[in-house]
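Visitor: My questions are about this predicted structure, shown below with the sequence.
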Amino acid sequence: MQKKADGQFYAPKGKSQPVCGPGEFRIGVIGLDHGHIYGMCNGFTEAGAEVAKVWDPDPVKVAAFREKFPGVAAVDDERAVLEDQTIRMVVAAPIPCLRGDLGIRVMAHGKDYFCDKPPITRRADVALAREKAAATGRKFGVYYSERLHVEASVRAEALIREGAIGKVVQVVGMGPHRISLAQRPAWFFDKEKFGGIIVDLGCHQIEQILFFAGARDARIAASRVAAYKYGAYPGFEDFGDASLVMDNGASGYFSVHWLTPDGLGAWGDGRTFIVGTEGYLELRKYIDVAADPEGDHVILVDHRGEYHFKAAGTCGFPFFGRLIRDCLDRTSTAFDQALVFRAIELAIEAEEGAAR
């Protein structure tokens, strides 16, 4: 399932680092419409979780999932997951427009929720999910994998926390993707289903821009979407970008597109540039083009010199263990709930206000 040339089925694997005992943290899976579900479940099982039950209306998807997670029980209805008192969290990757409503149902059943990005496609649904999370005290987490499941990003987080580049003043994210047309379902081209390119791909970038800048809010200064190449799919956007101004004075910019050429050895040449008052970082997340097929390169330049760190295999993915402990201990170390909701809200704002 580690298909690096295919982003839809790219499922990072790390080391086993359990943070709980056997059977202590059981999760249920609802919705298998995106291959990210495999990476999500990998992260949790490596941290000690047990994938207990799975439901999806497509038996073919369920069978494929159970090949990778053979101990999971297939159930006939989502209620068999929602009403199981032994399941603490629901992990989900249905069609994007369904994820917000599912999260509300999950939280109403007293469970924490973790879904693929984008978690929500409509502005009104962000408010509903935010209200339900506040009312129930349950967690609504999002698989912003381009930060959470990338060791280069984990290393960058540590360097920034240590003060390696001083105060962050700008974050630039480049999020190109390979489209792999033959593998895409019909909903992939229906904006009502996935929200548009800035909602779908840009939410990744907005979340990491806010996070690395140490900001809690931002405004969209400008945004743009375009349809350059895939005229056979009317209304399908293959390019988007936006500029942001953070509440702490830092600036952000990102671009996302579906124009990655087939010659690249990864599904996208994802990069992040972080400028600080005392230095800067570049993250080459998935490949170092024409130099190293392995990803997770961190470039640091400061007043002492230039440094190149290969982060692969050195950091692991601590997010998943932190979230398991947060759910068990009712703490908040893995993510900022307000930032998770604000990131997708800003993505929706940027999509709605984009020049076309």
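Guide: Sure, I can see it.
Visitor: isn't Asp84 right up against Ala52?
Guide: Yes: between Asp84 and Ala52 there is a contact at 7.4 Å, judged by Cβ atoms under 8 Å. Every C-beta, even on glycine, is put in place using the N, C-alpha and C of the backbone.
Visitor: So between these two, which is more surrounded?
Guide: Neighbour count, other Cβ atoms under 10 Å: between Asp84 and Ala52, Ala52 has more, with 21 against 18.
Visitor: Output the longest helix seen in the chain as CSV, restricted to C-alpha atoms.
Guide: With secondary structure taken from DSSP state H, the chain has its longest helix at helix 337-352. Output of helix 337-352 as CSV, limited to C-alpha atoms (Å, rounded to 0.1, in the frame of the first residue of the first chain):
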residue,chain,number,x,y,z
GLN,A,337,-9.4,22.0,17.9
ALA,A,338,-10.0,25.6,17.1
LEU,A,339,-7.2,25.6,14.5
VAL,A,340,-8.5,22.4,12.9
PHE,A,341,-11.8,24.0,12.2
ARG,A,342,-10.4,27.4,11.3
ALA,A,343,-8.1,25.8,8.7
ILE,A,344,-11.0,24.2,6.7
GLU,A,345,-13.1,27.3,7.2
LEU,A,346,-10.4,29.5,5.6
ALA,A,347,-10.1,27.0,2.8
ILE,A,348,-13.8,27.3,2.1
GLU,A,349,-13.6,31.1,2.3
ALA,A,350,-10.6,31.1,-0.2
GLU,A,351,-12.5,28.8,-2.6
GLU,A,352,-15.7,30.8,-2.5
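Visitor: Show me what it is packed against.
Guide: helix 123-136, strand 140-143, helix 203-213, strand 218-226, strand 239-246 (3 or more Cβ pairs under 8 Å, 6 or more residues apart in numbering; DSSP states H and E).
Visitor: hang on, the earlier thing: name the residues contacting each of Asp84 and Ala52.
Guide: Gly28 (Cβ atoms under 8 Å, 6 or more residues apart in numbering).
Visitor: Now do the longest helix of the chain: everything it contacts.
Guide: Contacts with helix 337-352, where a contact means Cβ under 8 Å, 6+ apart, come from 117-123, 126, 129-130, 133, 139-142, 144, 195-199, 202-203, 206-207, 210-211, 216-218, 220, 223, 225, 240, 242, 244.
Visitor: So which residues of this protein form strands?
Guide: 26-32, 50-55, 73-74, 87-93, 112-116, 140-143, 168-176, 218-226, 239-246, 251-257, 271-276, 279-284, 297-302, 306-310 (DSSP state E).
Visitor: ok, the spatially closest residue to Phe212 that is not a sequence neighbour to Pro12 distance?
Guide: Excluding the flanking residues, the one nearest Phe212 by Cβ to Cβ, 6 or more residues apart in numbering is Val171, at 4.9 Å. Remark: distance between Val171 and Pro12 (Cβ to Cβ, to the nearest Å) = 22 Å.
Visitor: One more: Arg356?
Guide: Using Cβ to Cβ, one gets 34 Å for the distance from Arg356 to Pro12.
Visitor: Can you list the low-confidence ranges for the chain?
Guide: Scanning the chain for pLDDT under 70 picks out 1-10.
Visitor: 90 instead, please
Guide: 1-16 (pLDDT under 90).
Visitor: Now do the domain split for it, please.
Guide: Residue ranges for the domains of the chain, per automatic domain parsing: 7-144+318-336, 147-316+347-352.
Visitor: Any chance of a ChimeraX selection covering the buried ones in the contacts of helix 337-352?
Guide: Of those, the buried ones can be selected in ChimeraX as follows, counting by 16 or more other Cβ atoms under 10 Å:
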select :117,118,119,120,121,126,129,130,133,139,140,141,142,144,195,196,197,198,199,202,203,206,207,210,211,218,220,223,225,240,242,244
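Visitor: So Val29 is in contact with Ile87, correct?
Guide: No: Val29 lies out of contact with Ile87 (Cβ under 8 Å); the separation is 9.8 Å.
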